[in-house]
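>>> Coordinates for the following, if possible.
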Amino acid sequence: MLKTVLKTAKKRGDCLLVNKYLHKAFNCFLIICFLIVTSGSKCMALTVGEEREIGQQLLYQIRLAFPLLDDPDISQYINELGGEVLEVAGFQFFDYHFNIIESSQFNAFAAPSGLVFFYSGLIEKMDHEDELVSVLAHEIGHVVARHIAQGMDTGATITVATTLLALASLALGVDAISQALLTGSLAAGQAANLHFSRKHEEEADRLAYGWMKKMGRHPQGQEAMLHVMRRINRYTMGNNIPQYLLTHPYPDERLDYVQSLIAYEEDELQGFKETDDFAFLRLKYRILSLVKEGKKLRNLLHNRLADSTLTQSERIMLHYGLSQLDRMENNYESSKKYLQEVIKFYPHKSILLVDLGLVEKEAGNKEHALTLFRTAYDKNRHDMWATFQLARLWLELENYDKAERYLKEVQIEMPAYSKVYFELGKLKAAIGEKANSAFYLARYNLYEGRLKLAKHNIKIALKGQGLSEEYKEEIKKMQKTIQILEEN
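Sure, this is the predicted structure:
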């Protein structure tokens, strides 16, 4: 089917629109569809059990579909923030997973069973953490109210496969390839049904509003985000409307609704404290340093610094952004200078010591970096960013026992983080455990979608000596997954 899709796009002359990750995305979603179709399951609206089953399959496959920004500091932040919403939202049918996708699109979407995705382009448009929380809560609201499952009922028996194709179109945006994917299939109708109605949007907004209040966060963050959406909607022409506004329409009506709620409860909301935006702004500028071209980012940061209305904390976090950009461009002294200013302003934020340690390490000052990483780790042992960097540095310093200890901590806390398996593979190779090294590299390559390399690593692992029975069982599971992927 993928060949048919690409052939259709080629006839239309649209192949140049395929970006660097769409091929993987289509492969992934088609594979998922195969998995579901072969089980013979069909649905009207999804039951909770069916939705949970799809989510379990999507959770593994999604890494093959999109370039995720999943370093420990990024992943921990977004999942802990989502966890704060879930604490006040009450009992949930699903285990939620929050991810950030590297893409300039203004988009976010919730997939079945609590998988929620934010695009870096959406986060770039935000200025405060409460704005991010409002979108998090809104997407959770769609899952809690089961709008996704309800939207899958078209009045005819539909395979779960067509549902997943529809979700793919929503996630990837309205472009030539996703349209070709849907051409001539029932998935086109499904995709239309997954555009939320006024009633669905109002319900998700109402849930988000109430949860923000319970969290002690002023719903003005929700209002501010809807202002952004309305502005983008008004100044966007024709087919260039962002995907998020296509699937989450009616920004004018939604803004009026939230403003009326705030006006009605104005007295009650006056006691709410202002949110500390440090963690959000650190996330935002770290992401921008990873995804945005250096000159454009530098201009953006300097233009923001010229704004006389900025608070002192907002200004200092722009210096953090400049520090990250300087590190990416190997301007280590400038990067350290900016970071030291930020640390002086936020002396108790231990994660900044990890950022400074990375600069020192890349500048060749490994002993100083080690001190900074260890200090950050001792201050917060739940910080997997500090733990991972400490492990990597111990590995470089050839202290393999300590390196393995910290890498195992990261593996336990973040089992889907592929880079930890790459580092474990390097470690095992360094101490001569060839079979164990190949085992970890197989897992790394499987998570990264490199199936041929994963198979090659598995062969080496099975031929070698010292592989435990536990690892042999894990290899059987990997082989089964690879077989399913390759059949498509």
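
>>> Just to confirm, what confidence does the model report for the residue lying closest to Glu124 once chain neighbours are set aside?
Spatially, and ignoring its direct neighbours in sequence, Glu124 is nearest to Leu288 (6.4 Å; C-beta to C-beta, 6 or more residues apart in numbering). Where C-beta positions appear, they are placed from N, C-alpha and C, glycine not excepted. Looking at Leu288, its pLDDT stands at 97.

>>> Give the full set of residues in contact with Leu288.
Counting by C-beta atoms under 8 Å, 6 or more residues apart in numbering, Leu288 touches Ser120, Glu124, Leu297, Leu300, Gly321, Gln324.

>>> Please give the element, helix or strand, for the fourth one.
Element membership for Leu300, per DSSP states H and E: helix 294-305.

>>> Send me the following helix or strand past that helix as PDB with only the CA atoms.
The helix or strand immediately downstream of helix 294-305 is helix 312-328, counting by DSSP H and E. Coordinates of each C-alpha in helix 312-328 appear next as PDB, following Å, rounded to 0.1, in the frame of the first residue of the first chain:
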ATOM      1  CA  GLN A 312      13.700  40.000  35.000                       C
ATOM      2  CA  SER A 313      13.200  36.300  35.000                       C
ATOM      3  CA  GLU A 314      12.000  36.300  31.300                       C
ATOM      4  CA  ARG A 315      15.100  38.300  30.400                       C
ATOM      5  CA  ILE A 316      17.500  36.000  32.200                       C
ATOM      6  CA  MET A 317      15.900  32.900  30.500                       C
ATOM      7  CA  LEU A 318      16.600  34.500  27.200                       C
ATOM      8  CA  HIS A 319      20.300  34.400  28.300                       C
ATOM      9  CA  TYR A 320      19.800  30.700  28.900                       C
ATOM     10  CA  GLY A 321      18.600  30.400  25.300                       C
ATOM     11  CA  LEU A 322      21.800  32.200  24.100                       C
ATOM     12  CA  SER A 323      23.900  29.900  26.300                       C
ATOM     13  CA  GLN A 324      22.400  26.800  24.600                       C
ATOM     14  CA  LEU A 325      22.900  28.300  21.200                       C
ATOM     15  CA  ASP A 326      26.500  29.200  22.000                       C
ATOM     16  CA  ARG A 327      27.100  25.600  23.200                       C
ATOM     17  CA  MET A 328      25.700  24.200  19.900                       C
END
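
>>> Only the buried residues of the helix or strand that comes right after helix 312-328, if you could.
Using DSSP H and E, the next helix or strand after helix 312-328 towards the C-terminus is helix 332-345. Buried residues in helix 332-345, counted by 16 or more other C-beta atoms under 10 Å: Tyr332, Ser334, Ser335, Lys336, Tyr338, Leu339, Glu341, Val342, Ile343, Phe345.

>>> And stretch 120-136, by the same measure?
So for stretch 120-136, counting by 16+ other C-beta under 10 Å, buried means 120-123, 126-136.

>>> which one of those is nearest Glu367?
Nearest to Glu367 among these: Ser120, at 34.4 Å, using C-beta to C-beta.

>>> what helix or strand does the nearest residue to Phe117 once chain neighbours are set aside sit in?
Distances taken as C-beta to C-beta, 6+ apart place Asn99 nearest to Phe117, at 5.1 Å, with adjacent residues excluded. Assigned by DSSP H and E, Asn99 belongs to strand 97-101.

>>> Other residues contacting that strand?
Under the criterion C-beta under 8 Å, 6+ apart, residues 59, 62, 66-70, 74-75, 78-79, 81-82, 114-120, 123, 136, 287 lie in contact with strand 97-101.

>>> Check which helices and strands whichever strand or helix holds Lys476 sits against.
Element membership for Lys476 (DSSP H and E) is helix 469-486. Contacts defined by 3 or more C-beta pairs under 8 Å, 6 or more residues apart in numbering; DSSP states H and E place helix 469-486 against helix 22-38, helix 434-447, helix 451-463.

>>> Just the CA atoms of it, as PDB, please.
What follows is helix 469-486, C-alpha atoms only, in PDB (Å, rounded to 0.1, in the frame of the first residue of the first chain):
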ATOM      1  CA  GLU A 469      18.500 -16.500  29.700                       C
ATOM      2  CA  GLU A 470      16.700 -13.300  30.400                       C
ATOM      3  CA  TYR A 471      18.400 -11.600  27.400                       C
ATOM      4  CA  LYS A 472      17.700 -14.600  25.200                       C
ATOM      5  CA  GLU A 473      14.000 -14.200  26.000                       C
ATOM      6  CA  GLU A 474      14.100 -10.500  25.300                       C
ATOM      7  CA  ILE A 475      15.800 -11.400  21.900                       C
ATOM      8  CA  LYS A 476      12.800 -13.600  21.000                       C
ATOM      9  CA  LYS A 477      10.500 -10.700  21.600                       C
ATOM     10  CA  MET A 478      12.600  -8.500  19.500                       C
ATOM     11  CA  GLN A 479      12.700 -11.000  16.700                       C
ATOM     12  CA  LYS A 480       8.900 -11.300  16.700                       C
ATOM     13  CA  THR A 481       8.600  -7.600  16.400                       C
ATOM     14  CA  ILE A 482      11.100  -7.300  13.600                       C
ATOM     15  CA  GLN A 483       9.300 -10.100  11.700                       C
ATOM     16  CA  ILE A 484       6.000  -8.200  11.900                       C
ATOM     17  CA  LEU A 485       7.600  -5.000  10.800                       C
ATOM     18  CA  GLU A 486       9.400  -6.700   7.800                       C
END
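
>>> Give me the distance from it to the chain's centre.
Relative to its parent chain, helix 469-486 has a centroid offset of 26 Å by C-alpha atoms, centre = their mean, to the nearest Å.

>>> cool, and stretch 198-216?
On C-alpha atoms, centre = their mean, the centre of stretch 198-216 falls 22 Å from that of its chain.

>>> Repeat that for stretch 310-325.
Here stretch 310-325 is found 23 Å from its chain centre; the criterion is C-alpha atoms, centre = their mean.

>>> So for it, mean pLDDT?
The average pLDDT within stretch 310-325 is 97.

>>> Span of stretch 81-98 from start to end?
9 Å (C-alpha to C-alpha, to the nearest Å).

>>> buried ones in stretch 257-276?
So stretch 257-276, judged by 16+ other C-beta under 10 Å, has buried residues Tyr257, Val258, Gln259, Leu261, Ile262, Phe272, Thr275.

>>> the helices in the stretch 101-250 of the chain, which residues?
Assigned by DSSP state H, counting those that start in this stretch, the helices in the stretch 101-250 of the chain fall at 120-124, 129-144, 147-151, 160-172, 176-182, 187-193, 198-214, 220-234, 243-247.

>>> Taking helix 198-214 as reference, get the angle to the second one.
Orientation note: helix 129-144 sits at an angle of 130 degrees relative to helix 198-214 (axes from the mean of the first three to the mean of the last three C-alpha atoms, to 10 degrees).

>>> So for helix 129-144, mean pLDDT?
93.

>>> quick revisit: relative to Thr236, which of the contacts of Leu288 is nearest.
When the contacts of Leu288 are compared for distance to Thr236 (C-beta to C-beta), Glu124 wins out at 15.9 Å.

>>> surely that closest one meets Lys284?
Yes - the criterion here is C-beta atoms under 8 Å, and Glu124 meets it with Lys284 at 7.1 Å.

>>> Look at the nearest residue to Glu409 once chain neighbours are set aside and say how many residues are nearby.
Ranked by C-beta to C-beta, 6+ apart and with sequence neighbours excluded, the top spatial neighbour of Glu409 is Thr387, at 5.3 Å. Using other C-beta atoms under 10 Å, Thr387 is surrounded by 26 other residues.

>>> next one: His456
15.
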